[in-house]
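# One predicted model, sequence on top.
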Amino acid sequence: MVEMNAPALPSQPLNLAEYHILARAKLPAMVYGYYSSGADDEQTLRDNEEAFKRLRFRPRVLIDVSNVDMTKRIMGIDVSFPLLVAPSAMQRMAHPEGELATARAVARIGTVMGLSSWSTTSLEDVEAHVPGLPKFFQLYVYKDRALTERLVKRAEKAGFRAIALTVDTPQLGRREADIRNRFTLPPHLRLANFDEVNDQSTMKQDSGSGLAAYVASLIDASLSWKDVAWLKSITKMPILVKGVVTAEDARRALQAGVGGIWVSNHGARQLDGVVSTIDALEEVVHAVQGRVPVFMDSGVRRGTDVVKALALGADGVLIGRPILWGLAVNGEEGVVHMLQMLKDEFKLAMQLCGCQRVSDIRRDLVIRNAFAPYDVRQHLGLSMPSKM
Ligand SMILES: Cc1cc2nc3c(=O)[nH]c(=O)nc-3n(C[C@H](O)[C@H](O)[C@H](O)COP(=O)(O)O)c2cc1C
Ligand SMILES: CC(C)CC(=O)C(=O)O
């Protein structure tokens with residue numbers, strides 16, 4: 001029987017939200033639940049996207065935007081536009097080619113790929129199949145430091161450009177879909193970067209999330225700033241700290257000698273109620289004062305979101321879930337199409353904002369909301385009215 005009120009599926013996705021709808025219809029419930037969910041009540045999951053909508057543009061007009069230059073150099077890497085791909089675990093659950101399809105798509109678009117420690121394709125295979133692709137290796141620090149060190153050395157040997165040290169996951173956030181579905185990696189897949197800790201039974205659970213149990217048993221919850229020094233001592237790659245949302249931690253990270261700061265709340269999958277990243281970005285940018293690059297992710301879904309994040313001081317912006325939706329819908333082609341849409345949106349947003357090049361995207365392009373225009377005047381050093 002046809003359900004009368006079933007929402008129609010978009011035949012050809014026009015935006016990232018439509019990719020999400022199509023992917024939801026295609027993926028098994030356990031996989032979709034793992035990919036999509038945030039922690040607890042998903043307050044921050046909603047706010048990550050809503051917070052972008054509280055920002056408004058102050059576009060400039062009558063600027064020749066017939067030729068727009070979207071390129072940017074980030075940490076010595078030339079990208080075709082300042083949108084990078086965040087690491088997300090276990091991509092072969094979305095598509096049989098998983099991380100390889102993502103890598104090929106990222107190479108075609110001309111940007112940088114973040115590869116998760118917990119990828120279902122080994123870091124060497126990604127390099128072998130897409131040689132020279134600029135890549136960051138995301139690191140979870142295991143209680144077993146020898147294993148962690150081997151992983152870092154392998155990433156360095158395979159030409160990864162940086163280590164993204166995830167600092168917001170001493171334990172896995174509480175994701176109720178995973179508990180309900182007793183999430184575990186499907187038996188035909190493996191965490192491809194390890195032999196040592198690939199015992200599927202570690203992730204198997206009679207009740208609850210197998211992933212949460214896996215993290216609790218293997219990941220080092222005692223990780224602290226002194227370990228950044230240790231990490232620096234074992235690699236020449238720059239260390240990016242992924243998961244900073246305060247000026248205090250940004251200053252601490254600079255003292256620790258990091259190569260970059262990645263403002264992230266892990267796509268709202270860790271601490272529910274944590275500030276949205278677009279709201280946290282500016283205090284971090286002020287604390288960093290241009291000394292190292294600042295990245296941001298969580299909730300970026302439109303080209304206009306990318307412009308807003310750059311206006312607030314990000315050097316590079318990343319997306320997580322939309323890659324999985326593109327993969328689920330159409331593998332490599334789905335990811336290319338999705339990224340190209342975002343790139344086209346970014347170009348149009350630049351044109352409509354009167355920006356000829358990425359460096360024209362400045363702080364005075366956005367205001368916090370349409371009803372509080374005076375924050376910009378303050379920023380520009382203009383006098384404030386004594387009375388509203
Ligand atoms: C399914 C999934 C798996 C993820 N796996 C990792 C991971 O292994 N390591 C990590 O540091 N972050 C991981 N993340 C977080 C992403 O790197 C990124 O911070 C987040 O997805 C950005 O938010 P967005 O999904 O709203 O774009 C994961 C996110 C998702 C959705
Ligand atoms: C393997 C997980 C810890 C990956 C992750 O970071 C996530 O699911 O958010």
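All right, it came through fine. Remember, predicted model here, so these are calculated numbers, not experimental data. Ligands and ions are numbered 1, 2, ... in the order given.

# now for the chain, which residue lies nearest the mean position of the chain?
Central residue check for the chain by CA atoms, centre = their mean: the C-alpha nearest the mean position is that of residue 86, 3.6 Å away.

# Got the phi and psi for that residue?
With angles defined as degrees, to the nearest 10, residue 86 sits at phi -70, psi 150.

# same check, this time on the one 5 residues further on
With angles defined as degrees, to the nearest 10, residue 91 shows backbone torsions of phi -80, psi -20.

# gap between it and residue 282?
Noted for residue 91: a distance of 32 Å to residue 282, by CB to CB, to the nearest Å. C-beta: built from backbone N, CA, C; applies to glycine.

# Please apply the same query to residue 312.
With the distance defined as CB to CB, residue 312 ends up 5 Å from residue 282.

# quick one, which of the two is more surrounded?
residue 312 (22 against 17; other CB atoms under 10 Å).

# quick one: that one and residue 281 touch, right?
Yes - with contact defined as CB atoms under 8 Å, residue 312 reaches residue 281; the gap is 4.8 Å.

# in stretch 282-298, what counts as buried?
Buried residues in stretch 282-298, counted by 16 or more other CB atoms under 10 Å: 282-285, 287-288, 292-298.

# What of stretch 104-120?
Neighbour-count burial for stretch 104-120 flags 104-109, 111-120 (criterion: 16+ other CB under 10 Å).

# Of those, which is the nearest to ligand 1?
Of all the buried residues of stretch 104-120, residue 116 has the smallest distance to ligand 1: 3.4 Å, by CB to the nearest ligand atom.

# OK, contacts around that closest one?
87, 88, 89, 90, 138 (CB atoms under 8 Å, 6 or more residues apart in numbering).

# repeat for residue 334
19, 95, 325, 326, 327, 328.

# and what of residue 135?
103, 112, 113, 114, 115, 126, 127, 159, 160, 161 are the contacts of residue 135 under CB under 8 Å, 6+ apart.

# Roughly how far does the second one sit from residue 240?
Counting by CB to CB, the gap between residue 112 and residue 240 amounts to 11 Å.

# what residues do the two have in common as contacts?
With CB under 8 Å, 6+ apart as the test, residue 112 and residue 240 both reach residue 136.

# ok so, going back, just put the contacts of residue 135 in TSV and tack on pLDDT.
Formatted as TSV, the contacts of residue 135 follow (pLDDT from 0 to 100):
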residue	pLDDT
103	98
112	98
113	98
114	98
115	98
126	98
127	98
159	98
160	98
161	98
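
# In strands, which of those appear?
113, 114, 115 (DSSP state E).

# show me where the stretch 101-250 of the chain has helices.
123-129, 145-157, 176-181, 200-203, 210-218, 225-234, 247-255 (DSSP state H, counting those that start in this stretch).

# wait, does the third one contact ligand 1?
No - for helix 176-181, no contact with ligand 1 is found by CB under 6 Å from any ligand atom; the gap never falls below 10.4 Å.
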